[in-house]
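Chemist: Need a 3D model of the sequence below.
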Amino acid sequence: MDKEERAIIISLYQDQNEVILELADNGPGISNESLPFIFQQFYREEGSRNKQTGGSGLGLSIAGMIIDEHGGTIKAESSLGIGTKIIISLERYVRS
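Modeler: Numbering: from 1, shown residues only. As a prediction, the model looks like this:
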């Protein structure tokens, strides 16, 4: 994280059909060029991870596979210097 005051905001919404989980941070953000690739296996944005900071480029790929297997969607929104938001949508099931 590149800011002195670090923040992670977790939000949960629901409507009649789905549950939406949003995870947002105020980190460095992801470039528009890299954003379409962040859910691909082994993808790491240049400069965001290296051998010293760790990361294999698998985390978001695995998350995407899990959400997909549950019939949901996962996407990201990001602005450089502002932060990133991961949005997960899953079908809502109501027990009777």
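Chemist: buried sites along the lowest-mean-pLDDT helix or strand in the chain?
Modeler: Across the helices and strands of the chain, mean confidence by mean pLDDT, DSSP states H and E is lowest for helix 59-69: a mean of 93. Taking 16 or more other Cβ atoms under 10 Å as the neighbour-count basis, helix 59-69 is seen to contain the buried residues 60-61, 64, 67. All C-beta atoms are positioned from the backbone trio N, CA, C, and that covers glycine.
Chemist: Other residues contacting the next helix or strand after that helix?
Modeler: As assigned by DSSP states H and E, the chain's next helix or strand after helix 59-69 is strand 73-79. By Cβ atoms under 8 Å, 6 or more residues apart in numbering, the residues outside strand 73-79 that reach it are 29-30, 35, 38-39, 60, 63-64, 67-68, 84-89.
Chemist: show me where pLDDT drops low in this structure?
Modeler: Counting by pLDDT under 70, the low-confidence segments of the chain come to 1, 46-56.
Chemist: most centrally placed residue in it?
Modeler: Centroid check for the chain by Cα atoms, centre = their mean gives I86 as the closest residue, at 3.2 Å.
Chemist: C-alpha coordinates for the host helix or strand of that residue, PDB please?
Modeler: Counting by DSSP H and E, the element that carries I86 is strand 83-91. As requested, C-alpha coordinates have been extracted for strand 83-91 and formatted as PDB (Å, rounded to 0.1, in the frame of the first residue of the first chain):
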ATOM      1  CA  GLY A  83      -7.500   2.600  -5.500                       C
ATOM      2  CA  THR A  84      -9.200  -0.600  -6.700                       C
ATOM      3  CA  LYS A  85     -12.600  -2.100  -6.200                       C
ATOM      4  CA  ILE A  86     -13.400  -5.800  -6.800                       C
ATOM      5  CA  ILE A  87     -17.100  -6.500  -7.300                       C
ATOM      6  CA  ILE A  88     -18.400 -10.000  -6.800                       C
ATOM      7  CA  SER A  89     -22.000 -10.900  -7.800                       C
ATOM      8  CA  LEU A  90     -23.700 -14.200  -6.800                       C
ATOM      9  CA  GLU A  91     -27.200 -15.400  -7.400                       C
END
